[in-house]
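Asks: I'll drop the sequence and a predicted model, then ask my questions.
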Amino acid sequence: MLAKTYGSAVYGVNAYLITIEVNVSKGTKYFMVGLPDNAVKESQQRIEAAIKYLGYKMPRQKIVINMAPADIRKEGAAYDLPIAMGIMAASGQISPDLLDQYVIMGELSLDGSLRPVKGVLPIAIEARRQGYKGFILPKINAKEAAIVNNLEVIGIESMQEAIDFLEGNSQIKPVESNTREVFFDTLNDYEADFEHVQGQENIKRALEIAAAGGHNVIMIGPPGAGKTMLAKRLPSILPPLTLHEALETTKIHSVAGKMPANSALISVRPFRSPHHTISDVALVGGGGIPQPGEISLSHHGVLFLDELPEFKRTVLEVLRQPLEERQVTISRAKLSVDFPANFMLIASMNPCPCGYYNHPEKECVCGPGVVQRYLNKVSGPLLDRIDLHVEVTPVSFDEMTAMRKSETSAGIRERVIKAREIQTDRFKDQKKIHSNAMMPPAMVKQLCSISPSGKTLLKTAMERLGLSARAYDRILKVSRTIADLAHSEEIKVEHLAEAIQYRSLDRENWAG
């Protein structure tokens, strides 16, 4: 007897329908075809144990399982449940009537209970697109799938519950989720706030400019100056995610298996801080079947690289193209996958190995040439792609113990949102440009015109600091953002001067 069930495979951030055909006929042995990986092949033992544990019979006949289309590789244990249901239907132990109405996914334990699976959101979106009535999956993943409307999401805890539901022996209420309610309830759930930061007003100003224009930042300062503390608070002043951005971000985290248990939606901007031992594949994504890396998990959020020179050079160099293109393409022999990577890069570093070069009080003990070699670990082309270079100095005792209140993240965020609204209006006719940092060179010339006195100032700075053409564009973009924060249509000399000062690593006194 032949039975069909339906599952799904995820490639990139999109899902594709998989038809699982099970034929039970005369003979012996168990055959599985259709490019299954080892985890799928090993499902035989899990399925047999679960079927027997629940009191059913594993057919002692020839079982052929075909996973179509056969030219797409299937990986992971999430196919256990649809294969098991196919075997049960093909052997006449359950009715096959409802199997063609549902996409089924779930990893089986030996006692028939279900473990969570990855990529639930894109699978639910594809199930609705293909016209399926519902999606049967582990209960722990149900909230995530339920944000897709017009689809019955049936959350179950065991294979027995799936059998009872498909046989009509029990009614399971579909899991429902009010997407907008979930989204708006958790929109401002940030643990860190700038009101807890004493002093460092110049760094707060730099981060406000970065947030307002979507600019990349590097902070240079001695150990304990507060670089990491400030970086962790950056997401709290970024504009709130839109619902579309939240769904996009949730899809990526779902595919990577990074969704928190029983959560439905990622509604706050992600903050990713990988360790400096990370590999280039883990950073940009990859693998046999490509998975998203840290830059994609930071999509619509912040990627923080602490102690930047400690990262391997090859790891840092692979960032250059995604920083420009806002996406990364992973190519393999049989497929090519695009992952979105529209993130803000914020990096921190000590000025030298001992950490005290240019320190106002402590003396640097690094030998001649050591500071330059340390800074050279970060390539010039990468630094050119970072708009703001900010020096972080230690906070004095008087500032730390001052009783005055610092401005809250909410206050800073209001100014950032107003500046972003100006940019939204400016780029309303552009599909792929949403902030000043995204402007291509041609648009920079058009939208960042400066006065003759501004040109003189910028020419002097370019000659003295030896800035590249890309750094020239960065200065103009940052000055445009500063003007937006001041609600000025023109880029004034003071806006340009402030933008130029955020090129610390281009100055002669840095390891000169």
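Replies: Here it is on my side, so go on.
Asks: From now on I want contacts and neighbour counts done on CA atoms only, so please keep to that.
Replies: Will do.
Asks: in stretch 156-167, what counts as buried?
Replies: For stretch 156-167, burial by neighbour count (16 or more other Cα atoms under 10 Å) applies to Ile156, Glu157, Ser158, Met159, Gln160, Glu161, Ala162, Ile163, Phe165, Leu166.
Asks: So which of those sit within helices?
Replies: Taking DSSP state H as the definition of helices, the buried residues of stretch 156-167 contribute Met159, Gln160, Glu161, Ala162, Ile163, Phe165, Leu166.
Asks: Glu42 versus the last one, what's the distance?
Replies: To Glu42, Leu166 is 25 Å away according to Cα to Cα, to the nearest Å.
Asks: For Lys118, which three-state class applies?
Replies: Three-state assignment for Lys118 (DSSP: H, G, I helix; E, B strand; the rest coil): coil.
Asks: Leaving out chain neighbours, which residue sits closest to it?
Replies: In space, and not counting its chain neighbours, Lys118 is closest to Gly257: 4.9 Å by Cα to Cα, 6 or more residues apart in numbering.
Asks: in this structure, which ranges drop under the pLDDT threshold?
Replies: Segments of the chain classed as low confidence (criterion: pLDDT under 70) are 186-187, 262, 397, 400, 403, 506-512.
Asks: contacting residues around the residue most central in space within it?
Replies: Central residue of the chain (Cα atoms, centre = their mean): Leu297, 1.8 Å from the mean position. Residues counted as contacts of Leu297 (Cα atoms under 8 Å, 6 or more residues apart in numbering) are Thr249, Ile252, His253, Pro270, Arg272, Ala341.
Asks: let's see it at 6 Å
Replies: Taking Cα atoms under 6 Å, 6 or more residues apart in numbering as the definition of contact, Leu297 has no neighbours.
Asks: Could you tell me how far it is located from Glu75?
Replies: 21 Å.
Asks: One more: Phe339?
Replies: Shown here: Phe339 relative to Glu75, a distance of 19 Å by Cα to Cα.
Asks: Compare the two (neighbour count), which wins?
Replies: When neighbours are counted by other Cα atoms under 10 Å, Phe339 comes out ahead of the other of Phe339 and Glu75, with 24 against 17.
Asks: SS state for Glu245?
Replies: Reducing the assignment to helix, strand or coil with three-state DSSP, the entry for Glu245 is helix.
Asks: can you tell me the helix or strand for the nearest residue to it once chain neighbours are set aside?
Replies: Spatial nearest neighbour of Glu245, excluding adjacent residues (Cα to Cα, 6+ apart): His300 at 7.0 Å. Secondary structure assignment for His300, by DSSP states H and E: no helix or strand.
Asks: and what of Glu361?
Replies: According to DSSP H and E, Glu361 maps onto no helix or strand at all.
Asks: try Gln45
Replies: Counting by DSSP H and E, Gln45 is found in helix 43-53.
Asks: cool, Leu17 as well?
Replies: According to DSSP H and E, Leu17 maps onto strand 14-25.
Asks: contact partners of the helix or strand immediately after that strand in the chain?
Replies: Moving toward the C-terminus from strand 14-25, the next helix or strand (DSSP H and E) is strand 30-33. Residues lying outside strand 30-33 but in contact with it, judged by Cα under 6 Å, 6+ apart, are Lys62, Ile63, Val64, Ile65, Asn66.
Asks: Closest one of those residues to Ser348?
Replies: Taking Cα to Cα as the measure, Ser348 sits nearest to Asn66 out of the contacts of strand 30-33, at 51.7 Å.
Asks: Around the closest one, how many other residues sit close by?
Replies: 21.
Asks: picking that back up, if I take the helix holding Gln45 and helix 159-167, what angle do their directions form?
Replies: In this structure, helix 43-53 runs at an angle of 80 degrees to helix 159-167, with axes from the mean of the first three to the mean of the last three Cα atoms, to 10 degrees as the basis.
Asks: Go through helix 43-53 and flag the buried ones.
Replies: Of the residues in helix 43-53, Ser43, Gln44, Arg46, Ile47, Glu48, Ala49, Ala50, Ile51 count as buried by neighbour count, 16+ other Cα under 10 Å.
Asks: swap in stretch 26-38?
Replies: With the criterion 16+ other Cα under 10 Å, stretch 26-38 contains buried residues Met32, Gly34, Leu35, Pro36.
Asks: same deal with stretch 238-258?
Replies: By neighbour count with 16+ other Cα under 10 Å, stretch 238-258 contains the buried residues 238-241, 243, 245-256.
Asks: what residues go with each domain of the chain?
Replies: Taking automatic domain parsing as the criterion, the chain consists of the domains 2-177, 194-427.
Asks: I'd like these as TSV, with distance to Leu476 appended.
Replies: Putting these into TSV (distance: least, Cα to Cα, whole Å) gives the following:
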stretch	distance to Leu476
domain 2-177	35
domain 194-427	10
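Asks: Parallel or antiparallel, which strands does the helix or strand following the helix holding Gln45 pair with?
Replies: Under the assignment DSSP H and E, the closest C-terminal helix or strand after helix 43-53 is strand 62-68. According to DSSP bridges, strand 62-68 forms sheet pairs with strand 14-25 (antiparallel), strand 30-33 (parallel).
Asks: Check the offset of strand 62-68 from the chain's centre.
Replies: On the basis of Cα atoms, centre = their mean, to the nearest Å, strand 62-68 is displaced by 36 Å from the centre of the chain it belongs to.
Asks: in it, what's buried?
Replies: In strand 62-68, counting by 16+ other Cα under 10 Å, buried: Ile63, Val64, Ile65, Asn66, Met67, Ala68.
Asks: what do you get for stretch 97-107?
Replies: Leu99, Tyr102, Val103, Ile104, Met105, Gly106, Glu107.
Asks: same deal with stretch 135-152?
Replies: 135-148, 151-152.
Asks: Narrow those to those in helices?
Replies: When DSSP H defines the helices, the subset of these inside them is Ala142, Lys143, Glu144, Ala145.
Asks: Looking at those residues, which is nearest Ala282?
Replies: Comparing every one of these with Ala282 (Cα to Cα), the shortest separation belongs to Glu144, at 24.7 Å.
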